[in-house]
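Enquirer: Sequence isn't available, so here's the structure alone:
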């Protein structure tokens, strides 16, 4: 990942912090409070899980709601690639990029979900086929985002033309030989213009690497069972994906807050590592030290808070300001894009005449 930020005291590059806003979104007021609090605290990105919760808008809808009310924080929903039509995934994410002013990203999800399969009349997808579905959906989206050249919209009143049809292109995607699921094709072009970022940054969990090529994604989410193992896992993934792909560590957080010790909160609520994700419980000062160390190796860290109401306040008052004072955390980008945050240039459309070799 290219990065031109000022090095920290240890000589490493300053990193960024993302926050998962699961728990917000039962209504619009909840989303507004949560995302504005995260932006005010100085987080660089907010993510939205897509776990089905009765009565709650899905992740992409929550991110879209947050777009017009925020200015600097990137908005990155988790969107399924197995039971959601790739064409609709692509167009909805492109719409999110417009709504957010170029601050959208995509966390690729590919999980075993029998209930979701039944809902759309499909057989449940398992094993390596999940990664194949994810890889295919990513490729479809990337082709569709490029299917309109940047200057395809001409609004020519004299001739009555809104678009230059010569600058729209077919995606012509077909699932590859050996695809484990039901094969499909996507002709294209997209139904909306090219996203503001050209290509939205694509994030994927490290567990999908292999079936999903490293060069298909822009960032990898890395988990480990304990905080002690997390830094080692970050270095291992870095060695596999190279420097052009951002590595983002995943961390559960429970802090001492409002007179309640973190250990007591863990005991009272049963908060624990979820699905192999490292969990930190302790003081804001100790978390600051740990994050500073972790950001020496990782490009960013995504925090999963035990309580947005309690832990976000502690982070905004005590942790993020101190990390910035130490030079471990980069400034918030004003009027920037998510690609800017990740140090990614805006690519030309692969179908544009001079786009050969520009990459993802």
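Expert: Thanks, I have the structure now. It should be emphasised that the depicted structure is a prediction, and the values quoted were computed from it without experimental measurement.

Enquirer: So residue 280, which state does it fall into?
Expert: Secondary structure, DSSP: H, G, I helix; E, B strand; the rest coil: residue 280 is strand.

Enquirer: who's in contact with it?
Expert: Taking CB atoms under 8 Å, 6 or more residues apart in numbering, we find residue 280 in contact with 227, 251-254, 286-287, 290. In this view, the C-beta of every residue, glycine as well, is placed from N, C-alpha and C.

Enquirer: Neighbours of residue 128, how many?
Expert: The local packing of residue 128 (other CB atoms under 10 Å) involves 11 other residues.

Enquirer: That one is in contact with residue 207, isn't it?
Expert: No. Counting by CB atoms under 8 Å, residue 128 does not reach residue 207; the two are 11.4 Å apart.

Enquirer: I'd like to know which of the contacts of residue 280 is nearest to residue 265.
Expert: Residue 265 lies nearest to residue 254 out of these, by CB to CB, at 5.4 Å.

Enquirer: and stretch 196-215, what's its mean pLDDT?
Expert: Across stretch 196-215, the average pLDDT comes to 97.

Enquirer: Going along the chain, name the strands of the stretch 251-360 of the chain.
Expert: 279-282, 300-305 (DSSP state E, counting those that start in this stretch).

Enquirer: quick one: the helices in the stretch 151-300 of the chain?
Expert: Assigned by DSSP state H, counting those that start in this stretch, the helices in the stretch 151-300 of the chain fall at 227-241, 262-269, 284-294.

Enquirer: Just list what the first one packs against, helices and strands only.
Expert: Pointing back at helix 227-241 there. strand 219-222, strand 246-255, helix 284-294 (3 or more CB pairs under 8 Å, 6 or more residues apart in numbering; DSSP states H and E).

Enquirer: for the record, mean pLDDT for that helix?
Expert: Rounded mean pLDDT across helix 227-241 is 96.

Enquirer: Please apply the same query to stretch 120-136.
Expert: For stretch 120-136, the mean confidence score works out to 89.

Enquirer: mind listing what's buried in it?
Expert: Neighbour-count burial for stretch 120-136 flags 125, 129-136 (criterion: 16 or more other CB atoms under 10 Å).

Enquirer: and what of stretch 329-337?
Expert: Quick answer for stretch 329-337 (16+ other CB under 10 Å): 329-330, 332-333, 337.

Enquirer: Using CSV, lay out these together with distance to residue 19 and pLDDT.
Expert: CSV is the format used below for the buried residues of stretch 329-337 (distance: CB to CB, whole Å; pLDDT from 0 to 100):
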residue, distance to residue 19, pLDDT
329, 13, 97
330, 15, 94
332, 13, 93
333, 16, 89
337, 19, 98
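
Enquirer: which one of the residues you listed is nearest residue 199?
Expert: residue 337 (10.8 Å).

Enquirer: Give the burial count for the closest residue in space to that closest one that isn't next to it in sequence, as a bare number.
Expert: Leaving aside its chain neighbours, residue 337 sits nearest to residue 102 (3.9 Å; criterion: CB to CB, 6 or more residues apart in numbering). Residue 102 has 19 neighbours, counted by other CB under 10 Å.

Enquirer: Okay, residue 102 and residue 44: tell me how far apart.
Expert: 14 Å (CB to CB, to the nearest Å).

Enquirer: what about the longest helix in this protein?
Expert: If you go by DSSP state H, the chain has its longest helix at helix 128-146.
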